[in-house]
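Enquirer: generate a structure from the sequence data that follows.
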Amino acid sequence: MVDKDVILGKRVKIFNHSLVNLFGCKIGDETFIGPFVEITRGVVIGKRCKIESHSFICDGVTIEDEVFLGHGVVFTNDLYPKTNRQVVHRKTLVKNGASLGSNSTIIGGVTIGEHAIVGAGAVVSRDVPDFSIIVGNPARITKKFKRLGDLTKYISERQELKNSQ
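Expert: I've put the predicted structure just below:
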């Protein structure tokens with residue numbers, strides 16, 4: 001279901017309108033939304049993002065341009081959820097070009113840096129620097145680069161090594 005107050009940019013692709021729950025959010029141009037995705041009120045998603053199936057994005061989350069979310073990425077927005085108090089929604093920011101692996105969990109209140117890579121299954125509870133790779137539970141930095149070119153070169157070299165084996 002795509003609620004009537006959702007703002008969709010140009011050429012947004014939604015896998016199937018009846019297989020998503022989108023409420024009061026803003027989705028930028030040329031973004032793809034896969035099946036069984038839920039995006040709640042107040043979320044802002046940038047241009048040319050890819051949100052894969054079974055992901056949950058709660059209020060307080062801003063995702064900049066060209067971000068990739070793998071299958072089953074989950075955002076939280078309250079550190080101490082409980083029914084007998086007012087929920088405190090913490091703001092979360094995912095910067096341009098970041099990539100979040102399948103089944104990663106992003107705890108509310110963090111910033112994920114530009115072109116950062118979050119490994120599959122990681123639990124992110126702290127800010128992630130630009131151009132870094134983090135993995136694990138809790139997520140830890142395994143590699144950190146000064147610029148995008150260095151990160152891209154590292155990934156290309158690793159891919160070439162795997163292809164040659």
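Enquirer: residue nearest the centroid of the chain?
Expert: Leu69 (4.6 Å; Cα atoms, centre = their mean).
Enquirer: show me what that residue is bridged to.
Expert: Counting by DSSP bridges, Leu69 forms beta bridges with Ile51, Leu100.
Enquirer: which ones are touching it?
Expert: 49-52, 55, 57, 63, 100 (Cβ atoms under 8 Å, 6 or more residues apart in numbering). Using the backbone N, CA and C atoms, a C-beta is placed for each residue, glycine as well.
Enquirer: of all these, which comes closest to Leu93?
Expert: Leu93 lies nearest to Ile63 out of those, by Cβ to Cβ, at 8.1 Å.
Enquirer: residue boundaries of the helices in this protein?
Expert: 148-164 (DSSP state H).
Enquirer: point out where this structure drops to low pLDDT.
Expert: The chain contains residues with pLDDT under 70 at 80-87.
Enquirer: what about 80?
Expert: 78-89, 161-162, 165 (pLDDT under 80).
Enquirer: and stretch 132-152, end to end?
Expert: Separation of the first and last residues of stretch 132-152 by Cα to Cα, to the nearest Å is 11 Å.
Enquirer: which residues touch that stretch?
Expert: With Cβ under 8 Å, 6+ apart as the test, stretch 132-152 has contacts from 97, 104, 113-119, 121-126, 128-129, 131, 154.
Enquirer: neighbour count added to the contacts of Leu69, as JSON lines?
Expert: Shown next, in JSON lines, are those (neighbours: other Cβ atoms under 10 Å):
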{"residue": "Cys49", "neighbour count": "23"}
{"residue": "Lys50", "neighbour count": "16"}
{"residue": "Ile51", "neighbour count": "25"}
{"residue": "Glu52", "neighbour count": "20"}
{"residue": "Ser55", "neighbour count": "23"}
{"residue": "Ile57", "neighbour count": "27"}
{"residue": "Ile63", "neighbour count": "27"}
{"residue": "Leu100", "neighbour count": "29"}
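Enquirer: hang on, the earlier thing: filter the contacts of stretch 132-152 down to the buried ones, ChimeraX style.
Expert: Restricted to buried positions by 16 or more other Cβ atoms under 10 Å, the ChimeraX selection for these reads:
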select :97,104,113,114,115,116,117,118,119,121,122,123,124,125,128,131
